[in-house]
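J.: sequence and predicted structure are below.
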Amino acid sequence: MPTTTTLWRPVGQPELDLIEASGWSAFPPRLDWQPIFYPVMNEAYATRIAREWNTKDDENGNVGYVLRFEVDTEFVSRYPVQIAGDAECQELWVPAEELDEFNGHIIGEIEIASEWRDS
């Protein structure tokens, strides 16, 4: 079994529905205006996005989910950690055209870690 890295992904309802349709095994292709797929490195940052952004967005169903998943560490090491704001805001930037390959290196199922609703 390969060594894995835990990653996190904040999503809204439409993306969660597509992930569920995959059998909890893959993230859906990016939309035309989304050049990168960005999993994040820690639960706190994913929670901040899900709680503060996704819950305020009608297109996301005014709900934010924090997903947890494992990826083969050797594979994911090709993507340097990007800082998108303060030190907590650590992301990987996976080009949209590499998402299928990335999905192929997910180990186990994608899991819901938490759910946030507009209050």
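T.: Received the coordinates, thanks.

J.: which stretches of the protein have low pLDDT?
T.: Counting by pLDDT under 70, the chain contains low-confidence ranges at 119.

J.: 80 instead?
T.: Scanning the chain for pLDDT under 80 picks out 1, 119.

J.: mind listing the strands for it?
T.: Taking DSSP state E to define them, one finds strands in the chain at 4-11, 36-37, 63-72, 81-83, 90-92, 94-95, 106-117.

J.: residue 29 is nearest to which of the ones you listed?
T.: Residue 29 lies closest to strand 36-37 among the strands of the chain, at 9.0 Å (Cβ to Cβ). Where C-beta positions appear, they are placed from N, C-alpha and C, glycine not excepted.

J.: so for residue 22, which of the strands of the chain sits nearest?
T.: strand 106-117 (8.2 Å).

J.: could you say what helices and strands the closest one packs with?
T.: Counting contacts by 3 or more Cβ pairs under 8 Å, 6 or more residues apart in numbering; DSSP states H and E, strand 106-117 packs against strand 4-11, helix 43-52, strand 63-72.

J.: okay, the angle between that strand and strand 4-11?
T.: Between strand 106-117 and strand 4-11, the angle comes out at 30 degrees (axes from the mean of the first three to the mean of the last three Cα atoms, to 10 degrees).

J.: mind listing what's buried in strand 106-117?
T.: Buried residues in strand 106-117, counted by 16 or more other Cβ atoms under 10 Å: 106, 110, 114, 116.

J.: what's the closest of the residues you listed to residue 15?
T.: Once Cβ to Cβ is applied, the member of the buried residues of strand 106-117 that ends up nearest residue 15 is residue 110, at 10.8 Å.

J.: that closest one contacts residue 28, correct?
T.: No - counting by Cβ atoms under 8 Å, residue 110 does not reach residue 28; the two are 11.3 Å apart.

J.: which neighbours do the two share?
T.: Taking Cβ atoms under 8 Å, 6 or more residues apart in numbering as the contact rule, residue 110 and residue 28 both touch residue 19.
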